[in-house]
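Visitor: Compute the structure for the input listed below.
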Amino acid sequence: MIPDPVWSAMLLGLLFGVQHATDPDHVVAVATIVARTRRFGAGALVGAFWGLGHTVTFAATGVALVVFHVTVAPWVERSFEMAVALMLIVLGAARILWVFRGSDPVPVAHLAEPHAHEPGPALHSHVHAHPHGVHRHPHAHPPARLLRALQTVGPAQALRSALVGLVHGLAGSATVALLVLSTIRGTAQAIGYLLVFGLGTILGMTAITGALALPFTLRIPRLDGARRTLAVATGALSVAFGLYLAVHTGMTGGPPPGGR
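Guide: Numbering: from 1, shown residues only. Here you go, the predicted model:
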């Protein structure tokens, strides 16, 4: 039986992970990606992919610190923080350019072919030709809501979200891992805490990006201008926060209070 203190530590890890997802630099970064979506589910998936990327590097770095007692030099931590700042600037600038270019997400052609997916996974087939004849390849697709969300997100946005999470995971892992080392003695428990913390960031950011996507899901023509303005404001905020983070990190050697 797992002792009560361990359960308490895991619960705290989950809650702290959810709280960690609300860090300003995290929210600002994913907001630039969410602004490209047109569905609530797609917005939530952006957060899920971010959380997965964050958890991969966060857990890997944390395990290296906890298990192998690797030390992270201050200049390495500063480099990761500067990487986050540069990433915010690039994401914001790209978001603004995307708005003025009038670009829209393009669904994957294969998934966009007309066929029913309600109410659950659907089995259908596509004609496939070979030199020796024509035959079909039957296969299944996921439920309609998940499929539409995946269509809207697209591989590029999913990869972008995961990469942003990877960078954020590198920048924030050392501090949390050192805190874990100072409070949890057992190696297995410490690793469990890191993984539960990562799960919390996934859940927290999924909820955040789902909420952020709501203004962009409204299909009201007269609100198109407002959506564009909000998208530009999102990009500008990302650039501004990236510059602020870069200046603060360069002057003090660390992130601003509440920025990590």
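Visitor: Where does residue 206 sit: helix, strand or coil?
Guide: helix (DSSP: H, G, I helix; E, B strand; the rest coil).
Visitor: cool, residue 163 as well?
Guide: helix.
Visitor: Report the contact partners of it.
Guide: Residue 163 makes contacts with residue 53, as judged by C-beta atoms under 8 Å, 6 or more residues apart in numbering. (Each C-beta comes from the backbone N, C-alpha and C, glycine too.)
Visitor: ditto for the one 10 residues further on
Guide: The contact partners of residue 173, taken as C-beta under 8 Å, 6+ apart, are 57, 58, 61, 62, 65.
Visitor: Distance to residue 26 and neighbour count added to those residues, as JSON lines?
Guide: Below are the contacts of residue 173 laid out as JSON lines (distance: C-beta to C-beta, whole Å; neighbours: other C-beta atoms under 10 Å):
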{"residue": "57", "distance to residue 26": "13", "neighbour count": "20"}
{"residue": "58", "distance to residue 26": "12", "neighbour count": "29"}
{"residue": "61", "distance to residue 26": "16", "neighbour count": "22"}
{"residue": "62", "distance to residue 26": "17", "neighbour count": "27"}
{"residue": "65", "distance to residue 26": "21", "neighbour count": "21"}
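Visitor: I'd like to know which of these are part of helices.
Guide: Residues of these located in helices (DSSP state H): 57, 58, 61, 62, 65.
Visitor: Looking at the residues you listed, which one is closest to residue 207?
Guide: Sorting the ones in helices among the contacts of residue 173 by how near they are to residue 207, with C-beta to C-beta, puts residue 58 at the top with 18.4 Å.
Visitor: Is the residue nearest the centre of the chain in a helix, a strand, or coil?
Guide: The centre of the chain sits closest to residue 50, judged by C-alpha atoms, centre = their mean, with a distance of 1.5 Å. Per three-state DSSP, the secondary structure class of residue 50 is helix.
Visitor: State the distance from it to residue 201.
Guide: For residue 50, the distance to residue 201 equals 8 Å [C-beta to C-beta, to the nearest Å].
Visitor: cool, and residue 164?
Guide: Following C-beta to C-beta, the distance that separates residue 164 from residue 201 is 12 Å.
Visitor: So these two - more neighbours on which side?
Guide: Neighbours were counted for residue 164 and for residue 201 using other C-beta atoms under 10 Å; residue 201 has more, 30 against 24.
Visitor: where does the protein dip in pLDDT?
Guide: 1-4, 102-154, 219-223, 253-260 (pLDDT under 70).
Visitor: Show me where it has its strands.
Guide: Per DSSP state E, the chain carries strands over the ranges 122-130, 133-141.
Visitor: got the contacts of residue 173 as JSON lines, with distance to residue 215 columns?
Guide: Converted to JSON lines, the contacts of residue 173 look like this (distance: C-beta to C-beta, whole Å):
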{"residue": "57", "distance to residue 215": "30"}
{"residue": "58", "distance to residue 215": "29"}
{"residue": "61", "distance to residue 215": "35"}
{"residue": "62", "distance to residue 215": "35"}
{"residue": "65", "distance to residue 215": "39"}
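Visitor: what's the farthest-apart pair in these?
Guide: 57 and 65 (12.3 Å).
Visitor: What sits closest to residue 47 if chain neighbours are left out?
Guide: residue 209 (3.3 Å; C-beta to C-beta, 6 or more residues apart in numbering).
Visitor: Hmm, the one you found is touching residue 32, no?
Guide: No. The criterion here is C-beta atoms under 8 Å, and residue 209 misses it with residue 32 at 11.1 Å.
Visitor: Please identify which of these two sits among more neighbours.
Guide: residue 209 (28 against 25).
Visitor: Could you report the distance from that one to residue 247?
Guide: 27 Å.
Visitor: what do you get for residue 58?
Guide: 25 Å.
Visitor: Show me where the protein has its helices.
Guide: 4-21, 24-34, 40-67, 74-101, 109-112, 144-183, 187-217, 224-252.
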